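Colleague: Return a 3D structure for these sequence lines:
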Amino acid sequence: MASKPSPIVLQTGNKPQHSIIWLHGLGADGHDFVPIADELDLPVAVRYIFPHAPMRPVTINGGFVMRAWYDITQPPPSALARTGGDAHQDASGIRASQSVVEALIEQEVANGIVPGNIILAGFSQGGAIALHTALRQATPLGGAMALSTYLPLAGSAKDELLTDTRITPVFMAHGRGDPVSPFTLGAASREALREFGYAVEWHEYAMQHSVCEEELRDIEAWLAKRLVRPGQ
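Modeller: Below you'll find the model as predicted:
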């Protein structure tokens, strides 16, 4: 049986006090967003962790085995299912990936990074897991960044999201022409989170299911506000 690949770890300086755990999208792997470390000019040293999703059959892709944080049985809806929609989502897969990310958070804490200096980020499926996990932490994290994605298991979110995590800043960005994760689904997720009491910084772009230069600069500005040196 093949061993599980270790996450890719990059440090932008000595003894970083901030970590960004960045989750890739469906069918990609941890290498997908590694170049982001060179693209972002941040005010402090950061440890990036780029994990690899497990290999699993994905129903919507004919059962083809690929890296996926959870299974997808049907195309994402154009609107957020606030009640009853969870039955069509791979809840067990989503929660299993939550456990994987929580183990990475615990590892960073063991390495001396306080939870408030840990940011979860992700694109598409990875962004869904970043949102899902960040807002279920007993000790709030430094932020959640969700790119071209949506709030998974929205029907159960109201009862599961922890009140203390309402201080967790959320960055959401979406392409208006996204054919994979509908723009309307992302916008509805934004509104649901705001109703739950979260401060969501929202950005939208004239693009499809991708990341653009303008978005990178917005990410950089948002991260710069979250990543500050001790004493500042």
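
Colleague: Which residue is the nearest non-sequential neighbour of residue 24?
Modeller: residue 32 (4.3 Å; C-beta to C-beta, 6 or more residues apart in numbering). C-beta here means a position set from N, CA and C on the backbone, and glycine is covered the same way.

Colleague: Could you measure from that neighbour over to residue 46?
Modeller: 18 Å (C-beta to C-beta, to the nearest Å).

Colleague: what do you get for residue 166?
Modeller: 25 Å.

Colleague: Mind checking which of the two has more residues around it?
Modeller: The neighbour comparison of residue 166 against residue 46 (other C-beta atoms under 10 Å) goes to residue 46, with 21 against 15.

Colleague: tell me the contacts of that one?
Modeller: Listed by C-beta atoms under 8 Å, 6 or more residues apart in numbering, the contact set of residue 46 reads 11, 12, 13, 16, 18, 19, 20, 37, 227.

Colleague: Residue 50 now?
Modeller: 7, 8, 9, 10, 22, 24, 30, 31, 32, 33, 34.

Colleague: where does it land on pLDDT?
Modeller: Note on residue 50: pLDDT of 98.

Colleague: Identify the bridge partners of it.
Modeller: For residue 50, the beta-bridge partners under DSSP bridges are residue 8.

Colleague: Can you tell me the closest non-neighbouring residue to residue 41?
Modeller: residue 220 (6.2 Å).

Colleague: what would the contacts of residue 50 look like in JSON lines with neighbour count, secondary structure and distance to residue 75?
Modeller: Output for those, formatted as JSON lines (neighbours: other C-beta atoms under 10 Å; DSSP: H, G, I helix; E, B strand; the rest coil; distance: C-beta to C-beta, whole Å):
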{"residue": "7", "neighbour count": "16", "secondary structure": "coil", "distance to residue 75": "29"}
{"residue": "8", "neighbour count": "18", "secondary structure": "strand", "distance to residue 75": "30"}
{"residue": "9", "neighbour count": "12", "secondary structure": "strand", "distance to residue 75": "34"}
{"residue": "10", "neighbour count": "16", "secondary structure": "strand", "distance to residue 75": "34"}
{"residue": "22", "neighbour count": "28", "secondary structure": "strand", "distance to residue 75": "25"}
{"residue": "24", "neighbour count": "24", "secondary structure": "coil", "distance to residue 75": "20"}
{"residue": "30", "neighbour count": "22", "secondary structure": "helix", "distance to residue 75": "26"}
{"residue": "31", "neighbour count": "11", "secondary structure": "helix", "distance to residue 75": "27"}
{"residue": "32", "neighbour count": "19", "secondary structure": "helix", "distance to residue 75": "22"}
{"residue": "33", "neighbour count": "24", "secondary structure": "helix", "distance to residue 75": "24"}
{"residue": "34", "neighbour count": "15", "secondary structure": "coil", "distance to residue 75": "29"}
